[in-house]
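1. model the structure of this input:
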Amino acid sequence: MSGHSKWATTKHKKMAIDAKRGKIFTKVIKEITVAARTGGGDPDGNPRLRTAILKAKEANMPADNIKKAIQKGTGELPGVSYEEAIFEGYGPGGVAILTSIMTDNKNRTVPEIRYIFSRHGGNMGEAGCVSWMFDKKGYIVVEGGKVDEESLMSLIVEGGAEDMRKDGDNFEVITAPGDLESVKKSIEDAGIPVSVSEVTMLPQNYMELDDKSAVQALKLIEALEDHDDVQNVYANFNLRDEVLEKMGR
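-> Okay, the predicted model is just below:
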């Protein structure tokens with residue numbers, strides 16, 4: 001797992017920057033709308049919606065925006081119908097990349113995503129070409145200075161976690177997607193802050209790239225994330241501190 005929390009932490013710092021310019025709002029509103037459309041507008045009975053609302057609150061989205069997004073999903077207000085899809089491909093150095101999108105026009109989005117891949121030294125592949133390398137998991141990061149390893153292990157076992165790993169100064173907690181909330185609650189109820197909490201696609205193995213390929217792969221991922229229709233990007237390579245420093249992250 002080495003390197004993943006560095007990328008997760010980097011992503012969340014980027015999210016904070018995006019939130020300042022309102023960019024994150026578009027992505028979160030789409031997620032809320034689709035979650036409400038597929039699972040209903042009651043967050044108590046819709047875990048996906050509940051998670052999306054938490055993300056919206058983390059980004060300081062006004063409650064009225066959240067309410068309207070839910071109502072568009074349930075049909076109480078008119079709204080755009082979004083289609084979900086996963087695009088798969090390879091980046092520099094052969095790194096595997098999964099890109100989840102929500103779009104109101106897939107015919108427009110597909111060539112745009114393909115162009116981003118090719119422009120940054122990658123190529124978009126066929127469905128299934130890399131998805132087998134990833135597992136859908138709940139993922140939590142806790143800063144090491146906030147709790148000792150033994151205490152955290154006791155808490156997460158009680159909550160139903162699958163695994164815990166040390167990555168630098170951080171602890172990474174892995175859960176089944178459905179157990180994410182209960183494990184997070186066990187940690188927070190003990191007064192321990194959680195840095196990252198999300199359902200994600202975790203690579204089964206991580207590639208080691210040379211610095212040049214790692215920088216190119218990171219630029220590809222950031223270009224994909226900046227596309228309005230892209231919700232999340234997942235990749236299977238390690239990020240060394242030196243690479244992040246080189247890019248000013």
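
2. just the strands from this protein, written as ranges.
-> 83-90, 96-103, 123-124, 134-143, 163-167, 170-175, 196-203, 230-235 (DSSP state E).

3. break this protein into its domains for me.
-> 4-74, 83-128+205-239, 133-203 (automatic domain parsing).

4. who are the contact partners of residue 46?
-> When contacts are counted by Cβ atoms under 8 Å, 6 or more residues apart in numbering, residue 46 touches 35, 36, 39, 40. Yep, even glycine has a C-beta here, placed from its N, CA and C like the rest.

5. what does the model give the nearest residue to residue 213 once chain neighbours are set aside for pLDDT?
-> Nearest-residue entry for residue 213: residue 93, 3.4 Å, with adjacent residues in sequence omitted and distances by Cβ to Cβ, 6 or more residues apart in numbering. Note for residue 93: predicted pLDDT of 92.

6. next, count neighbours for residue 93.
-> 17 (other Cβ atoms under 10 Å).

7. now residue 71
-> Neighbours of residue 71 (other Cβ under 10 Å): 16.

8. also residue 136?
-> 11.

9. which residues does it bridge with?
-> residue 201 (DSSP bridges).

10. show me what contacts it?
-> 177, 199, 200, 201, 202.

11. quick check: chain neighbours aside, which residue is closest to the first one?
-> Leaving aside its chain neighbours, residue 177 sits nearest to residue 199 (4.8 Å; criterion: Cβ to Cβ, 6+ apart).

12. do residue 219 as well
-> residue 120 (5.7 Å).

13. pretty sure residue 208 contacts residue 238?
-> Yes - with contacts counted by Cβ atoms under 8 Å, residue 208 reaches residue 238, the gap being 5.8 Å.

14. neighbour count winner among the two?
-> residue 238 (19 against 12).
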